[in-house]
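Asks: The sequence isn't on hand, but the structure is:
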């Protein structure tokens with residue numbers, strides 16, 4: 001590990017670039033959430049991208065240029081990270097979770113606690129549902145020492161969004177701790193939910209999703225307790241219409257692997273949607289022995305690069321997004337080098353990195 005401290009500019013740039021769904025053509029780009037289309041090389045391809053960058057610039061007192069729709073070049077000159085209270089309104093059903101991926105790692109390195117109020121879509125296409133941020137992202141971030149709490153005031157869905165989420169982010173106490181996760185252990189518990197809201201005509205859709213999840217998961221994991229809640233969201237607690245599910249598998253060694261989907265009148269029937277998600281995505285990930293799912297994988301690169309010490313995590317073969325994230329981290333932090341060791345079964349890899357030991361700004 002280099003003895004040279006990370007420069008404030010590189011530090012802020014690394015944090016700011018983190019929640020991006022696409023990078024400039026220098027890095028290449030592919031969307032990563034289920035059914036997400038290719039983003040090309042646009043840096044600001046949708047509204048939440050621009051708002052995420054604007055919020056990041058505000059948090060780090062930066063000068064931001066080129067942040068407009070379809071921009072391929074954005075310039076940010078960041079300064080020190082400032083904790084406090086912030087607001088961001090996506091004004092559409094664009095994902096608040098994507099904005100959270102930008103601001104949470106930055107605010108964790110402020111010297112004071114921060115609260116961010118976010119308005120937009122809580123369950124959106126091509127993005128993690130807010131429940132994933134609560135049950136999975138927060139769980140893994142806590143292992144490194146990044147602590148945040150999310151309060152859902154209202155849920156928001158396509159087409160107008162309107163969801164309201166309050167996120168409180170605690171400052172890290174000193175430096176991020178390295179994490180070792182190489183043994184997935186045994187599945188010990190499965191939880192989840194399936195729900196409908198708005199103009200989705202009946203709760204029966206949620207019940208089909210929930211019962212399908214229970215049936216298929218119990219076949220794969222006989223004897224393991226499964227708790228899947230099904231419900232119809234009250235009209236006064238949400239905006240828009242949706243059917244959705246998320247299932248979370250917990251293991252004996254402290255791993256969580258999840259799968260989620262949004263239903264669609266143009267998509268497959270509810271049962272088939274659940275079956276495909278579990279059989280084609282979740283089960284192969286578990287069978288590989290990975291200690292995180294494919295969608296947490298790239299979000300671990302940042303805390304690994306900034307931690308004080310060496311982290312080692314077993315994952316599925318790296319996604320394009322993870323490869324891009326590693327490239328960005330290594331470019332901005334020259335002393336950081338990620339190593340990837342393919343395991344004999346060819347189903348998983350050991351991803352390791354010695355971080356720079358970044359401190360609060």
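Replies: That came through, no problem. As the structure is a prediction and not an experimental result, all values here were calculated from the model. Numbering: from 1, shown residues only.

Asks: going forward, measure contacts between C-alpha atoms and count neighbours the same way
Replies: Will do.

Asks: any weak-confidence spans in the stretch 151-300 of the chain?
Replies: Along the stretch 151-300 of the chain, the model assigns pLDDT under 70 to residues 201.

Asks: ok, how many other residues are close to residue 280?
Replies: 11 (other Cα atoms under 10 Å).

Asks: Identify the single longest helix in the chain, thanks.
Replies: When the chain is parsed with DSSP state H, its longest helix is helix 204-220.

Asks: and that helix, what other elements does it pack with?
Replies: strand 187-197, strand 226-232, strand 242-251, helix 270-277 (3 or more Cα pairs under 8 Å, 6 or more residues apart in numbering; DSSP states H and E).

Asks: Distance to residue 218 added to the ones you listed, as a markdown table?
Replies: Formatted as a markdown table, the helices and strands packed on helix 204-220 follow (distance: least, Cα to Cα, whole Å):
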| stretch | distance to residue 218 |
| --- | --- |
| strand 187-197 | 9 |
| strand 226-232 | 8 |
| strand 242-251 | 12 |
| helix 270-277 | 12 |
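
Asks: Present these as JSON lines; the columns should include distance to residue 213 and mean neighbour count.
Replies: Formatted as JSON lines, these follow (distance: least, Cα to Cα, whole Å; neighbours: other Cα atoms under 10 Å):
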{"stretch": "strand 187-197", "distance to residue 213": "9", "mean neighbour count": "21"}
{"stretch": "strand 226-232", "distance to residue 213": "8", "mean neighbour count": "18"}
{"stretch": "strand 242-251", "distance to residue 213": "8", "mean neighbour count": "23"}
{"stretch": "helix 270-277", "distance to residue 213": "6", "mean neighbour count": "18"}
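
Asks: Select, out of the ones you listed, the one closest to residue 124.
Replies: strand 242-251 (9.1 Å; Cα to Cα).

Asks: could you measure residue 212 against residue 228, distance?
Replies: Separation of residue 212 from residue 228 (Cα to Cα, to the nearest Å): 10 Å.

Asks: What of residue 65?
Replies: 46 Å.

Asks: Likewise for residue 111?
Replies: Counting by Cα to Cα - residue 111 and residue 228 are separated by 39 Å.

Asks: Residue 60 too?
Replies: With Cα to Cα as the criterion, residue 60 and residue 228 are 41 Å apart.

Asks: OK, contacts around residue 111?
Replies: By Cα atoms under 8 Å, 6 or more residues apart in numbering, the contact set of residue 111 is 82, 83, 171, 172, 360, 361.

Asks: Leaving out chain neighbours, which residue sits closest to the fourth one?
Replies: Spelled out, it's residue 172. If the residues on either side of it in the chain are set aside, residue 172 comes closest to residue 108, at 5.7 Å by Cα to Cα, 6 or more residues apart in numbering.

Asks: quick one, phi/psi of the one you found?
Replies: Backbone torsions of residue 108, given as degrees, to the nearest 10, read phi -60, psi -20.

Asks: Make sure it is actually in contact with residue 168.
Replies: No: at 9.9 Å, residue 108 does not count as touching residue 168 under the criterion of Cα atoms under 8 Å.

Asks: Between the two, which is the more surrounded one?
Replies: Shown here are residue 108 and residue 168; by other Cα under 10 Å, residue 108 has more neighbours (26 against 21).

Asks: Can you read off the pLDDT for the more buried one?
Replies: Confidence at residue 108, expressed as pLDDT, is 96.

Asks: contacting residues for it?
Replies: Counting by Cα under 8 Å, 6+ apart, residue 108 touches 146, 147, 169, 170, 171, 172, 360.

Asks: go on, residue 94?
Replies: Applying Cα under 8 Å, 6+ apart to residue 94 gives the contacts 47, 48, 120, 121, 124, 161.

Asks: mind checking how far the helix or strand hosting the third one is from the chain centre?
Replies: Which is residue 120. With elements taken from DSSP states H and E, the one containing residue 120 is strand 114-120. In terms of Cα atoms, centre = their mean, to the nearest Å, the centre of strand 114-120 is set 16 Å apart from its chain centre.

Asks: Now tell me what touches it from outside.
Replies: With Cα under 8 Å, 6+ apart as the criterion, strand 114-120 contacts 83-96, 107, 156-157, 160-171.

Asks: Do you have the strands of the stretch 51-200 of the chain handy? List them.
Replies: Ranges of strands within the stretch 51-200 of the chain are 63-65, 75-77, 85-89, 114-120, 148-156, 163-169, 180-181, 187-197, based on DSSP state E, counting those that start in this stretch.

Asks: Let me have those in JSON lines, extended by distance to residue 286.
Replies: Shown next, in JSON lines, are those (distance: least, Cα to Cα, whole Å):
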{"stretch": "strand 63-65", "distance to residue 286": "42"}
{"stretch": "strand 75-77", "distance to residue 286": "40"}
{"stretch": "strand 85-89", "distance to residue 286": "36"}
{"stretch": "strand 114-120", "distance to residue 286": "32"}
{"stretch": "strand 148-156", "distance to residue 286": "27"}
{"stretch": "strand 163-169", "distance to residue 286": "30"}
{"stretch": "strand 180-181", "distance to residue 286": "14"}
{"stretch": "strand 187-197", "distance to residue 286": "9"}
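
Asks: burial measure for residue 264, as a count.
Replies: 14.

Asks: again with the one 3 residues further on
Replies: The local packing of residue 267 (other Cα under 10 Å) involves 10 other residues.

Asks: contacting residues around it?
Replies: Contacts of residue 267 (Cα under 8 Å, 6+ apart): none.
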